[in-house]
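Participant: Sequence plus predicted model, see below.
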Amino acid sequence: MPTSIELLRRVPEDRFHQIVLSSPKKFREEVFRRAGIKNKGGGAFSLTSNAKTEVRSQRLYAALQEETEVTPEIAAELIRNYLYTRRDLLAEALDYFQVPHDHGLTNDDLDFMADLAVDKAQRLEELLKRKHDPVDVELYLDFMNIKRT
């Protein structure tokens, strides 16, 4: 299965920007700092902070494509933060497995998903893609190590 870093490399650049924005600002800034991506110009209350964040996320995306040193833990946290904003998708997947949850969040062990039969995984993928963005569905399934082929 792909690593978290590989998953981030595969998403389209505009989705990567959404993934970065879904994380808390303090965490985002730490990711940018560790990747050596500086915030150029303006103060903290600049009117163009969203544009700056987009430029910085584009630089981070480009750096990831070139094997930048972002740890797997940071990559996984970026994905977790993004998937947290897709709780309808999470809830539907947990409903499919009849796992109790609070709108997509659960404390139950989900390791069983990695050993799921391929046909059941493919049915889940089809079900989720009917209602959710295919990029999000693939990111979720791959992040959860659900094999579909």
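Facilitator: Looks like it came in fine.

Participant: packing partners for the lengthiest helix in the chain?
Facilitator: If you go by DSSP state H, the chain has its longest helix at helix 49-65. When contacts are defined as 3 or more Cβ pairs under 8 Å, 6 or more residues apart in numbering; DSSP states H and E, helix 49-65 packs onto helix 4-10, helix 13-21, helix 25-34. In this view, the C-beta of every residue, glycine as well, is placed from N, C-alpha and C.

Participant: What residues of that helix count as buried?
Facilitator: Across helix 49-65, burial judged by 16 or more other Cβ atoms under 10 Å covers 53, 56-61, 63-64.

Participant: so can I have CSV of the residues you listed showing distance to residue 131 and pLDDT?
Facilitator: Shown next, in CSV, are the buried residues of helix 49-65 (distance: Cβ to Cβ, whole Å; pLDDT from 0 to 100):
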residue, distance to residue 131, pLDDT
53, 29, 84
56, 32, 91
57, 27, 92
58, 30, 91
59, 33, 91
60, 30, 92
61, 27, 93
63, 33, 89
64, 29, 89
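
Participant: Format the residues you listed as CSV; extra columns: distance to residue 124.
Facilitator: Below are the buried residues of helix 49-65 laid out as CSV (distance: Cβ to Cβ, whole Å):
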residue, distance to residue 124
53, 34
56, 35
57, 30
58, 33
59, 35
60, 31
61, 28
63, 33
64, 28
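
Participant: Any regions of the chain where pLDDT drops low?
Facilitator: 40-49, 68-69 (pLDDT under 70).

Participant: closest one to residue 134 among the helices and strands packed on helix 49-65?
Facilitator: Comparison of the helices and strands packed on helix 49-65 against residue 134 by Cβ to Cβ identifies helix 13-21 as nearest, at 10.8 Å.

Participant: Quick check: which of the helices and strands packed on helix 49-65 is nearest to residue 109?
Facilitator: That would be helix 4-10 among these, by Cβ to Cβ, at 19.7 Å.
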